Structure formats: C-alpha cells, structure tokens
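Novice: I would like the atomic coordinates for the input below:
(chains A and B)
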Amino acid sequence: MTATLAAIRTRMLALAERRLPALTRLRQAERLPVRLDRRRIYVLPTGFGLLFALLLFVMLLGALNYANNPALLLTCVLAAACGASLFVGFRAMNGLALTRIDAGECHAGESLPVHLRFAESARVRAGLRLRIGDTETAFALPAGSGISIDAPLATTRRGRLGTGRIRFSTEFPLGLFRIWSWLHPDASFIVYPEVETPAPPLPDASLSDDALARAGTVEESGGLRDYRLTDPPRQIAWKPSARHDKLLVRDVERAGSDALVLDYYALAGLDRETRIRRLAAWVIAADAAQREYTLRLPDETIGPGAGSTQRRASLRALALLPFAHA
Amino acid sequence: MRDAIGRHAFELTAAAIAIVIATHAAHLPAWLLIGTPALILARVAMRRRREGAVPMIVRVPAAIVLLVAVATQYGTVFGREPGSVLGCGLLALKLLETERARDARVALGFAAFVLISALLFVQDLAFTLAAALALVVLLAALISLQPASAAATRPLRTELRLGAALLVCGLPLAAVAFALVPRLASPLWGTRDNSGLGRTGLSDTMEPGAMTELLIDDSPAFRVRFDDAAAPPRQARYFRSIVLRDFDGATWTRGRRGTFLRAEPAVSEAAPIGYSIVIEPTDRRWLPALDLPIDAPRGAHFTATRELVADTPVTEPREYRVRSSLDHRLSDRLDPQERSRALALPAGFDPKTHALAESWRSQRLDDDAIVRAALEMFRGSFTYTLNPPLLGRDSIDDFLFSTQKGFCEHFASAFVVLMRAAGIPARVVTGFQGGTWNAAGGYLLVRNSDAHAWAEIWMPGRGWVRVDPTAAVSPARIELGAAAANDNPAWSQAPWLRAIRDRLDLVDGLWTRAIIRFDALRQKGMLTPFGVPEANPGDLLLALAAALAVILVLATAWAMRDVLAPRADPLDAAWQQLRRRLVHAGVEPRTSEGPLDLLSRARTAIPASDAAISPLVQDYVALRYGSVEPAPERVRAFTRAVRNFRVARPV
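Specialist: Numbers count the residues shown, from 1 in each chain, chains lettered A, B, ... in the order given. Next up, the predicted model:
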C-alpha cells in the first residue's frame, strides 16, 4: 500500500516538475556560492501547526463564549507568538549561503561524506536540516563564523556522482511551520569502485610458494594476459592458452621487473566489473603494504608510483572506466 | 529511533506540563494534586535510567482509573471542573508514552489548552501573569524539541529567552486582536455561569461564627470611586447589603415573606452623593451600596427592605453607578404586619435576655434610654475578638451573660434580640464598613475582611435608624478599620507596606476595568475616533484585517531587513558616479568595456578633461584590481575626488 502510494507520489512529482518547473523544485544545477532568499524559500504549516491552529481556534471560541477576557488575551498572545515564530524561522533560512561543497573518499555502496561549507553568518541559525538523497542531517550555524557540515550521501555505483537536489529546511523555532528551499549545486564527486572481498593476493612473484599455491591460478592472476594483436607470437603461452580456449601471452614487462603491475588485461576470463573490483582491492592492498605499483588500464597506465597520490589516481581512473554496454 | 528526544528536551517538557497542572492546583482534588507530580517525577527518574515508553499494559489501566475516579467524584466527566481535572490527569499520563518529538509536541499543544482553561477559574492580574510565564516555559519546551541547537552550553537559557522574545514580539498583534475580535453578545452554548467556585462573600443567613471566614479574607470585595473624589468619613462608610429579619434562636434569615413588596420609602435630607462601584464576583445577587441608595442602577432593583439586588448573579466583575444619601428617613410609617415581624422572637429561647428587657421596660425607660442602656452594657464588660468561645442553645443568653466575647455579628444579633424583647422593632443588616482609601488611585478599596453586621431599629418619626453596637465595644473597628481591630501584627500596617499594597491594588483595579470588564458594549465605541460611532462586528473585523496587514508588513520588513538594506560597496558606488558624469559629457560606457578602454575613449572625446580623468581611472584600477580589500581611507579619498570631478566644457 505504502509502496504504491510512494510510487504514485513519485510519478505525480515527476509530472509536476515537467509541467510546472517554476513552481516545483526542479532547478538547473547552479554554480556556488548560492544564497537563499525570499524568492526561493517556501513556507507551509506542518501537521502539528494545523493541529495547534485548531486548538487555538477552540480556545478563542471558548474564551469568547464565556466572555472570559483574560483567556482571550492569553490566547491572542499565544497565537501572535506562533505568528512571530514564522518570521523567526524565515530568518533562520533567509540569507543562508552555501559557498563550497566537496566530498571525501568512498567506495560504491558506502556513504560518501559530503562537506558543505557555509558563508559566515551574522546571527545564529539553529534547527536547520539538510537532506541529500534520502538522508537528513540536522545542523546549526553559530554566529560570526563559517562552518562546514558533513552529510552522508548514499552511493550505489562507481563513477561520477552529483549531489542532486539538496533540500534545506527548518521547523525552527516551534515546529509549527516548515520553511524550505531547494538547491541544486553544480558539483560532482568521484565514487571509487567497490572493493572485492575477499580478494586474491597481489599478483606478485615475490610471494611465497604457499600463498601462490593457495591462490591456485598462478598464471591467470600473474604473468599472463590476454593476447593483443601487436604481441609477438613467441610470447604466446600455448599450454595455458589451450586450457582457457583463448590466446594468452606472457607478460614480459612484469616478468622482467620486480615492480608490481596491476594489469586490467591480465585478469582474463572475468567480466569488466569484477576486474575493476579486484584491481581496486589490489590497489588498496598494495598501498597498505607501501609498495610501488603500476596500474595498467585499457586507455592509460598509472605509475609506477606509491603513496596516496598514486592510490587516489589509480582508484579515480578505475572509477571513471566506462561501464560495459549491457 | 527517528525524532527521539534527548534528556534536556524531555525534562523541559515535563516541567512545562507540571507547571500547567500547578495552575489548576486550587480546584484539583487531593489525590490528583499528589498523584500527578509523583507520576511526573517517577517518569523523569525512570527515563534518566533507561529511555523508552511505559508499556501499554500500565498506561491504559491508568487512563481508565483516572476516568472512573473523575466520574465517581463529580458524577460526570463533562463540565468545567471535571473537565479540568481530567485534562490535568491525561496530560500527566501523556508523558508516560512521550518518547518522540511528535508526542511531546502534541502533549505541549494540549498543555496550552489546559493552561488557558485555568483562566476560567481565576481571572485576576497576578494569575494571568503567572499563566503568561507558564506559556514562556511551554514555548521553551517546544523550542527544545528542535533538532540542532546552536547553543551547546546553557540551552535552557537560550530557549527561555527565545520563548519570552516570541511572546513579547507577539504583544502588539495580540493587543490589536484582543481589542478588535468581535465579542459575542450572547453565548453560543451553555451559560456564562461562573458560580460554584466556593467564593467567600456575604451570605443571606447569619449564625454565630458564620462570618469568621470572611473576616480574615483580605481579597478585594469592591472598589468605590466617588464623583466628588473624596470619600465620606470612615464613620459614615456603611455599605448595606442584606437585611435579616427572621430569627429562629440560632440563625438569622431574610425570610421569603414580603420580599417582593414595594421598597420602603426613603426621604433624603441631604444632597445625595454619586459614586460607581466595581464589584468582584460573588456568585450572589447582592450589590452593596453606601448607606441608603436612592435609585437602583440598570439591571438591579430594590427589595422591600431596600436591599439592592442585581437581576443576575455577579459571576464576573461588574460596575454599577448609584446615588446614596447619608442623611435620610427610611420608612416613616411601619404597617402592623411589618411591625409584628420586626418584633418577633422565637418562643422558648433566651429567658435571661427577655428578663433583662422586661426590667428595662418596667423601669419606664423610653426607647432612646433602652438603646443607651444596651450600648452601655456592651461598652462595659464586652470584648471584641475574632475567636469567640462557642455558644450553647440559648446563644444570646450565653453571649450576653457568660462569654461576652465576640465580633460584629454577635453584637448585632444580641442587640436586635434585646431591642425586640424590649418592644422596639429591630432588624440585622449585614454589609461592609470602612475600607481603605487608595490615594494613588483615588478610590476606596473595600475588602472582604471589611464585612460587618449592625442593627437597624425603628423609631417613631425617624424611621429605621442605624445602630452599630460593635462601635460601642470596639471603636477601633469603626474608626481604624477591620485590620486594626483584628489584631493583625503591627508590621502589616507599616506605611511603606500600605503604599505598596495601594499601588498593587491600583494595578489590580485597572486590570479589572480595562481587561476583564471589556465587553461588547465598550467594543462598540472603539472605532469612534475613526469615524465609526457604532462599530458592528463587520467593522471590527475589517479594522482587525487592516491592523493585521500593517503588522504583517512590519514583521516582513523586520525579517528581511538585512536583505532590504544591502551595504553597497563604496568603491563601486563612486565608480558608477564617475561613469554617470562621463555619460553627461557624451561618453556612453559600453558593457563590454573595461575602465582603461573607457579612459582612452574619454580622452579622445573630451580632451579638455584628460588631466582630471586619467588619475581617477588609474586610481580606480589600482584600488579595484590592486588588492583584494582596498584600504578604506583610500576608497574615501577616491570617492571625494569623484565628487569633485567636473567635466570641463569645451570653450
């Protein structure tokens, strides 16, 4: 039931956004900084606000009916305070300026920590919430200093990811009105590929025999790779090729040097995403072991190198590999 | 759990609810008065140890027990008192299941309702202010339910301050709405009966000791404003309320007989004095009036004994105007039926009193001498006290011949019995005597403790004459007032304390006149300054809408004030001014043009001004692009230079 309702709601929303772009939250991605102003701040009473209005109306009727002036006065004061709360809430949103947005690192499936940086605000802004994707984060801005807020953004797949529309909202101070604004910052982040777990050990000659034996497919994971048209025929490893029903060649570079090479083509027999996951796992393992390594991908070769720069470049390249055509 | 509330927010909510229940304390039954604070404390203590709602198996039976208890105590769950008791109980029970902000909000909304309903019981200024303070706590609790607070330290202070600020911000709108919301001329449902609150006040029966409760009640009974500003002397300030004519040996009653007869005729022998009285609610219909009222105000009438009676009980403060005479003759002639009633005494009571009266008669004393003898007797060995000993069956005999201690009602009662026994028509009158002159406000405040009882005897040719036997015993009671006679500690009579009490009472009186007494009638005249002599509800609503619009505009301006007045960059402003000057000289700047290009065009167009323009433009370029934040004094110098710059006219 709720699922159907949610589906209908999504459809209606999509329709409304298509038809009435000016009235709905559809906004072109915009460049930062973005400052919220009255043109893009919306206000509606909350459910509690409606209930409270009803209560106030009953109080008013009761006070009038019994000609009870003190009760009427207090009801008026309470109602006026509720009205004033709308303006206080509006002020919490008005002039809120998002100056920068960036993100940390994460692998697909984890949540990406997004950092939103706000401009210095002259007054305290409390009770704010922001919603990116499906997660809502509450925050407050102290007076007189800029602040950075971390909000998690759920990820599902590797590659570039925008924040999509961000909703800033507040029910400050009494929870009677919801005041909100949509923001679509023009920013995108890299989500690293998912990491294969458990991953086979690094394709490394220096590993012990035991480990190699456990890993099983020494040649596959190690010194062999798919045949490319430019490979000289004498490098073809005939016996493994016969086993795999396709041509495999010995990797000369790898065999010749001590350096670790993580080669996309060496992972023959696996589908594209599996290879990427495994390579990502190896990059992390190699980095953890503080080794120097080279990542060889279809269009580029990264390294040899070591350290966080190499790791980031490698994971980034892996993340941005085009998806296989389904 | 989403929306879960922290300890601070929960406890502030609990405190707000406890305060709201406390505002009802005066009429809550004892079990609830003890039960609800205990319940709230237990819940807070429990939640400190472990969060989580109290299970349904406890909550539901508790609610049922509450409902049954209220129903058995009051016979119903509807109506003002059972309703408020039920509301308080449910409020405390709601706290048991409050775990999320949503629940807490609903509980606080309901608490606001219960709080306002407390004003159905008490309406004075102090209580209304207390309720307003309770509202501040309630708003603070609502604020504390917000997810992120910017004040990590002392959140309570921030919340209370914001709550109070919201209320204060709302005051202008509230005042306008209060004045302009059209009042109902008649109730939509029910009656406006506020009776049954157990208010103290004069009763239409009198038995020994019945007035004790009243005489120690220091709350205001009514306030009198005299037209001539000055009040009559204290000895003349007798406010008549009720005349008691029938005595059964223990209790004086008004008696039903003859109540509806025409009022006794009164002849005024001095110019009557006019005054208006604002009386506090008594739930009864008696309207006290100074000595002898000449004419009845609207909505009231005289009884046969010239008591002033309102058509409806005084359930809310009420103002009435009366003219009274201090020197008068009441009822020159006494018809036989009335005479026999004013002489009647129950048979078989008070033999000693009868014997004493007989002895006076047998001495052939005239009426005046008998009155003097009786007063002489009181003056001799009697004592005025608010704690008299108990009296037996022959209460008058006991009082006159053994205890000899009592206060006004004892003296009045014994005196009237004595007179009747001696053959002089007499009756008891209750009312108020004295009062405190409030110099700050220019009015006379009469408290419930000023209640008094005296006698009226009928003399041929003089009519009903007032005789106050208490004055014979305790002149202080009449000359200095009830407070002096009732043995109050000396400090309570200190002048500074009295000054403060006067001021407070003045404010209280203003409150009664301006707020409580503001009704449909007064509202009609509200719009007279705007050219609407008789405002109907439509006019009022129109005025309300207009005022609302003005306030909304002001509030909007406030909310956006830093958007409306952006601080323009002075450097930009000066540059724009320079450009405008160049436009005047015929050099139209183009949008795609930088300052230097503009300069080169200006040079060729108005070569005469080249010497003035060049340094200005160079200056601007240096200021604008030379540093991130140009030095303010240099910007000011540039602004001045631009202001002084004039395009030289080609000669």
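Novice: how about the residues of the stretch 451-600 of chain B near chain A?
Specialist: Within the stretch 451-600 of chain B, the residues that sit near chain A (Cβ under 8 Å from any Cβ of the partner chain) are B:515-519, B:555-556, B:558-560, B:562-563. Any C-beta I mention is one placed from the backbone N, CA and C, and that applies to glycine too.
Novice: for chain A, what are the nearby residues on the stretch 251-400 of chain B?
Specialist: Applying Cβ under 8 Å from any Cβ, we find that the stretch 251-400 of chain B lies next to chain A at B:Glu316.
Novice: Dump the residues of the stretch 451-600 of chain B next to chain A to TSV, plus secondary structure and pLDDT.
Specialist: Compiled in TSV, these are given as follows (DSSP: H, G, I helix; E, B strand; the rest coil; pLDDT from 0 to 100):
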residue	secondary structure	pLDDT
B:Ile515	helix	84
B:Ile516	helix	81
B:Arg517	coil	77
B:Phe518	coil	82
B:Asp519	coil	76
B:Ala555	helix	91
B:Thr556	helix	90
B:Trp558	helix	87
B:Ala559	helix	86
B:Met560	coil	82
B:Asp562	helix	68
B:Val563	helix	59
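Novice: now, which of those residues sits nearest chain A?
Specialist: Using Cβ to the nearest Cβ, B:Ala559 is the member of those that lies nearest chain A, at 4.2 Å.
Novice: got a list of what that closest one touches?
Specialist: Contact analysis of B:Ala559 by Cβ atoms under 8 Å, 6 or more residues apart in numbering or on different chains lists A:87, A:90-91, A:94.
Novice: The closest residue to chain A within the stretch 251-400 of chain B: neighbouring residues, count only.
Specialist: In the stretch 251-400 of chain B, the residue that lies nearest chain A is B:Glu316 (7.1 Å; Cβ to the nearest Cβ). Look at B:Glu316: counted by other Cβ atoms under 10 Å in any protein chain shown, it has 19 neighbours.
Novice: same thing with B:Val532?
Specialist: 16.
Novice: pLDDT at the closest residue to chain A within the stretch 151-300 of chain B, what is it?
Specialist: In the stretch 151-300 of chain B, the residue that lies nearest chain A is B:Gly170 (2.9 Å; Cβ to the nearest Cβ). Note on B:Gly170: pLDDT of 92.
Novice: and it, what helix or strand is that in?
Specialist: helix B:155-180 (DSSP states H and E).
Novice: for that helix, packing partners?
Specialist: Under the contact criterion of 3 or more Cβ pairs under 8 Å, 6 or more residues apart in numbering or on different chains; DSSP states H and E, helix B:155-180 touches helix A:69-93, helix B:7-22, helix B:125-144, helix B:537-559.
Novice: In JSON lines: those, plus distance to A:Phe172.
Specialist: Rendered in JSON lines, the data for the helices and strands packed on helix B:155-180 read as follows (distance: least, Cβ to Cβ, whole Å):
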{"stretch": "helix A:69-93", "distance to A:Phe172": "5"}
{"stretch": "helix B:7-22", "distance to A:Phe172": "14"}
{"stretch": "helix B:125-144", "distance to A:Phe172": "8"}
{"stretch": "helix B:537-559", "distance to A:Phe172": "13"}
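Novice: so which of these comes closest to A:Thr156?
Specialist: helix A:69-93 (30.7 Å; Cβ to Cβ).
Novice: Give me the next element, helix or strand, following the closest one.
Specialist: As assigned by DSSP H and E, the chain's next helix or strand after helix A:69-93 is strand A:97-103.
Novice: Let me know the secondary structure of the residue of the stretch 251-400 of chain B closest to chain A.
Specialist: Under DSSP: H, G, I helix; E, B strand; the rest coil, the three-state class of B:Glu316 is coil.
Novice: Relative to A:Ser169, how far out is it?
Specialist: 46 Å (Cβ to Cβ, to the nearest Å).
Novice: list the buried ones in stretch B:296-314?
Specialist: B:296-297, B:300, B:302-310, B:313-314 (16 or more other Cβ atoms under 10 Å in any protein chain shown).
Novice: Flag the shaky bits of the chain, pLDDT-wise.
Specialist: Just going to use chain A. Applying pLDDT under 70 to chain A picks out residues A:1, A:20-27, A:204-223, A:251-258, A:325-326.
Novice: The chain in question should be chain B.
Specialist: Counting by pLDDT under 70, chain B shows low-confidence ranges at B:1-2, B:148-153, B:190-200, B:209, B:229, B:257-260, B:479-493, B:562-568, B:648-651.
Novice: Give me the most central residue, it.
Specialist: The residue lying closest to the centre of chain B (Cα atoms, centre = their mean) is B:Asp124, at 2.2 Å.
Novice: just to revisit the earlier point, out of the residues of the stretch 451-600 of chain B next to chain A, which are buried?
Specialist: Using 16+ other Cβ under 10 Å, the buried ones in these are B:515-518, B:555, B:559-560.
Novice: What is the nearest of those residues to B:Gln363?
Specialist: Within these, proximity to B:Gln363 (Cβ to Cβ) peaks at B:Arg517, which comes in at 56.4 Å.
Novice: what about the nearest residue to the closest one once chain neighbours are set aside, neighbour count?
Specialist: Spatial nearest neighbour of B:Arg517, chain neighbours left out: B:Pro317 (5.7 Å); criterion: Cβ to Cβ, 6 or more residues apart in numbering or on different chains. Residues contacting B:Pro317 under the criterion other Cβ under 10 Å number 22.
Novice: doesn't B:Asp508 make contact with the residue nearest to the centre of chain B?
Specialist: Yes: B:Asp124 is within contact range of B:Asp508, at 6.5 Å (criterion: Cβ atoms under 8 Å).
Novice: B:Glu97 contacts B:Val106, doesn't it?
Specialist: No: B:Glu97 lies out of contact with B:Val106 (Cβ under 8 Å); the separation is 10.3 Å.
Novice: The helix or strand B:Ala622 falls within - contacts with which helices or strands?
Specialist: Taking DSSP H and E as the criterion, B:Ala622 maps to helix B:610-626. With contacts taken as 3+ Cβ pairs under 8 Å, 6+ apart, helix B:610-626 sits against helix B:570-584, helix B:595-605, helix B:632-644.
Novice: just how off-centre is the first one within its chain?
Specialist: Mean C-alpha position of helix B:570-584 versus that of the full chain (Cα atoms, centre = their mean, to the nearest Å) differs by 63 Å.
Novice: who's in contact with that helix?
Specialist: Outside helix B:570-584, the residues that touch it by Cβ under 8 Å, 6+ apart are B:589, B:595, B:598, B:602, B:613, B:616-617, B:620, B:623-624, B:630, B:635-636, B:638-639, B:642-643, B:645-647.
Novice: what comes up buried for that helix?
Specialist: So, applying 16+ other Cβ under 10 Å, buried residues of helix B:570-584: B:571, B:574-575, B:578-579, B:581-582.
Novice: Repeat that for the second one.
Specialist: Of the residues in helix B:595-605, those buried by neighbour count under the rule 16+ other Cβ under 10 Å are B:595, B:598-599, B:601-602.
Novice: Which residue does the stretch 51-200 of chain A have closest to chain B?
Specialist: A:Ala80 (2.9 Å).
Novice: Quick check, that residue in contact with B:Leu139.
Specialist: No: under the criterion of Cβ under 8 Å, A:Ala80 makes no contact with B:Leu139, lying 11.9 Å away.
Novice: Quick check on these two: which one has the bigger neighbour count.
Specialist: More crowded of A:Ala80 and B:Leu139, by other Cβ under 10 Å: B:Leu139, with 27 against 24.
Novice: check contacts around the residue lying closest to that one once chain neighbours are set aside.
Specialist: In this structure, B:Leu139 finds its nearest non-sequential neighbour in B:Gly163, 3.5 Å apart by Cβ to Cβ, 6+ apart. By Cβ under 8 Å, 6+ apart, the contact set of B:Gly163 is B:135-140, B:142-143.
Novice: Now with 10 Å, please.
Specialist: A:81, A:85, A:173-174, B:16, B:135-144 (Cβ atoms under 10 Å, 6 or more residues apart in numbering or on different chains).
Novice: same question, B:Val550
Specialist: Here B:Val550 is in contact with B:172, B:176 (Cβ under 10 Å, 6+ apart).
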